[in-house]
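In: Predicted coordinates and the sequence they were generated for:
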Amino acid sequence: MDQFIVEPLFGDGAIHWYTPTNVTLWLFFAVVAVTLLMVVGTRGRAIVPSRSQSVGEMAYGFVYKMVEDVTGKEGLKYFPYIFTLFLYILLANFLGLIPGSFTTTSHIAVTAVLAGAVFVTVTVLGFVKNGAGFLSLFWVSSAPLVLRPILAIIELISYFVRPVSHSIRLAGNVMAGHAVLKVFAGFAASLGVFSFIPIFGIVAIYALEVLVSAIQAYVFTILTCVYLKDALHPHH
C-alpha cells in the first residue's frame with residue numbers, strides 16, 4: 001500500500017538516516033500546521049476570538065484541565081510539553097486523512113520516538129524529583145510481604161513495556177483504519193455498477209477515522225499525564 005511506503009523526496013537511491021523522505025515532509029507539514037494554529041491563528045488576541053483563535057483556546061483549555069486533573073498543580077509546569085505532543089499528534093492524524101497525503105503516525109518509527117521521549121523524560125524526572133524514593137513505585141507496600149518481590153518484578157516489567165504499548169496503540173489504530181479504507185476502496189473499484197455500496201462504507205469509515213484520530217491523540221496524551229503523575233507522586 002502506497003500509504004505505508006517510505007520514499008526519498010529526491011531521486012531513487014537508498015534511504016539513509018539523513019535522507020529526506022515523504023515521512024520527513026509530512027512531519028514538517030504537521031509542525032507547520034501547529035504553528036499556523038497556535039501562532040498565526042491566535043496572533044490577534046482578540047476579545048471576540050476568530051475561528052482559529054477559538055480552536056486554539058479550546059485545545060489549550062482542554063489539555064490544561066487534563067494535565068491539572070491527572071497530575072495536580074505540580075504537573076502544570078510540564079504542560080507546554082504535553083500540549084505540544086497533543087497538538088502534534090492530533091494534526092498529524094488529521095493531515096493523514098487528506099486524500100493523497102501520508103500518515104506519519106501510522107509508522108511505528110515515528111510513534112516509538114514520541115513514546116520513547118515520554119518514557120525517558122518521566123523516568124529521569126522521577127529520579128530527579130524523588131531520588132531512590134522513585135523505586136517505591138515498584139514496591140507494593142500494601143501487599144503481603146511474601147508477595148512483594150513477585151509484584152515488584154511484575155511492576156518493573158510493566159513499567160518497561162509502557163513505551164511499547166504507548167507507541168503501538170497509536171500506530172496500530174491509525175494503520176488499521178487506513179488499511180480498512182484501502183480494502184473498501186478495492187471493493188468499489190471491482191464491483192462496477194454496484195460500486196456505490198462499498199462507497200457508503202468508505203464514507204462511514206472515514207467519519208470513524210476522524211473520530212479515531214482525535215481519540216488516539218487524547219489517549220496518547222492522557223497516558224503521558226498518568227506516567228507523569230507516577231513520576232511526581234510515586235508513593236500514591
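Out: Looks like it came in fine.
In: got the residue ranges for the helices in the chain?
Out: Taking DSSP state H as the test, the helices found in the chain are 22-35, 51-71, 79-95, 108-130, 148-190, 196-232.
In: Which other helices and strands does the fourth one contact?
Out: Which is helix 108-130. Helices and strands touching helix 108-130, by 3 or more CB pairs under 8 Å, 6 or more residues apart in numbering; DSSP states H and E, are helix 22-35, helix 79-95, helix 148-190, helix 196-232. Where you see a C-beta, it was placed from the backbone N, CA and C, and this is true even at glycine.
In: Repeat that for the first one.
Out: Applying 3+ CB pairs under 8 Å, 6+ apart, one finds that helix 22-35 contacts helix 79-95, helix 108-130.
In: Deepest-packed of the ones you listed, please.
Out: helix 79-95 (a mean of 20; mean count of other CB atoms under 10 Å).
In: Flag the shaky bits of this protein, pLDDT-wise.
Out: 1-3, 189, 191-194, 235-236 (pLDDT under 70).
In: returning to what we had before: would JSON lines of the helices of the chain with distance to residue 16 be doable?
Out: As requested, those are arranged in JSON lines below (distance: least, CB to CB, whole Å):
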{"stretch": "helix 22-35", "distance to residue 16": "12"}
{"stretch": "helix 51-71", "distance to residue 16": "36"}
{"stretch": "helix 79-95", "distance to residue 16": "23"}
{"stretch": "helix 108-130", "distance to residue 16": "14"}
{"stretch": "helix 148-190", "distance to residue 16": "22"}
{"stretch": "helix 196-232", "distance to residue 16": "29"}
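In: how about the ones you listed, which one is nearest residue 42?
Out: helix 51-71 (4.6 Å; CB to CB).
In: on contacts alone, who are the packing partners of that closest one?
Out: Counting contacts by 3+ CB pairs under 8 Å, 6+ apart, helix 51-71 packs against helix 79-95, helix 196-232.
In: Okay, buried residues for that helix please.
Out: Counting neighbours by 16 or more other CB atoms under 10 Å, one finds that the buried residues in helix 51-71 are 52, 53, 56, 59, 60, 63, 66, 67, 70, 71.
In: how near is the last one to residue 196?
Out: In this structure, residue 71 and residue 196 are separated by 49 Å, where distance is defined by CB to CB, to the nearest Å.
In: about what we covered before: I'd like to know which of the helices of the chain lies nearest to residue 44.
Out: The nearest among these, by CB to CB, is helix 51-71 at 6.5 Å.
In: what about the closest one, distance to the chain center?
Out: Distance, stretch centre to chain centre, for helix 51-71: 16 Å (CA atoms, centre = their mean, to the nearest Å).
In: This completes my enquiry, with thanks.
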